[in-house]
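**Student:** sequence isn't available, so here's the structure alone:
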Ligand SMILES: [Zn+2]
């Protein structure tokens, strides 16, 4: 019982962090016109309209190098995974790309306190990067 409750609290925290982390990624990846280019199909969309923060390694949470602007279509279409991998190797090199898989298998469960810190951090980072780029959240 107690364990289940803890998991629920963590899940709630993860749900709170998710939109802020996603905002941070999409704003980081947009240009001065607030447009993002999908890393897998190259389409250009407004960061608030049809752009997701797409994971490279699924299930690896809140790692900046693991998420990039991707259109909704590509993000839900698994077949673009190879393209994402090629883009990752080009962008970061093979070593870092491969290290993300290891990071996932070694990923420890964040405590609630740690998740609160992550939430604070990405709220702040999203606000800062939006201000830097002159974008309203
Ligand atoms: Zn796309």
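**Tutor:** Happy to help now that I have it. Since we're looking at a predicted model, the values are computed, not measured. Residues are numbered from 1 along each chain as shown.

**Student:** what comes up buried for the worst-scoring helix or strand of the chain on mean pLDDT?
**Tutor:** Sorted by mean pLDDT, DSSP states H and E, the helices and strands of the chain end with helix 2-28, the least confident at a mean of 86. For helix 2-28, the neighbour count (16 or more other C-beta atoms under 10 Å) marks 10, 13-14, 16-17, 20-28 as buried. (C-beta placed from N, C-alpha, C; glycine too.)

**Student:** and which of the residues you listed is nearest the ion?
**Tutor:** Of all those, residue 26 has the smallest distance to the ion: 13.3 Å, by C-beta to the ion.

**Student:** what's the local residue count around the spatially closest residue to that closest one that is not a sequence neighbour?
**Tutor:** Spatial nearest neighbour of residue 26, excluding adjacent residues (C-beta to C-beta, 6 or more residues apart in numbering): residue 47 at 4.2 Å. By other C-beta atoms under 10 Å, 25 other residues sit near residue 47.

**Student:** likewise residue 87?
**Tutor:** Neighbours of residue 87 (other C-beta under 10 Å): 17.

**Student:** distance of the spatially most central residue of the chain from residue 115?
**Tutor:** Centroid-nearest residue in the chain, with C-alpha atoms, centre = their mean: residue 67, separated by 3.8 Å. Counting by C-beta to C-beta, to the nearest Å, the gap from residue 67 to residue 115 is 17 Å.

**Student:** likewise residue 56?
**Tutor:** Relative to residue 115, residue 56 is positioned 21 Å away (criterion: C-beta to C-beta).

**Student:** and the residue nearest to residue 26, what does it touch?
**Tutor:** 26-27, 29-30, 34-36, 69, 135 (C-beta atoms under 8 Å, 6 or more residues apart in numbering).
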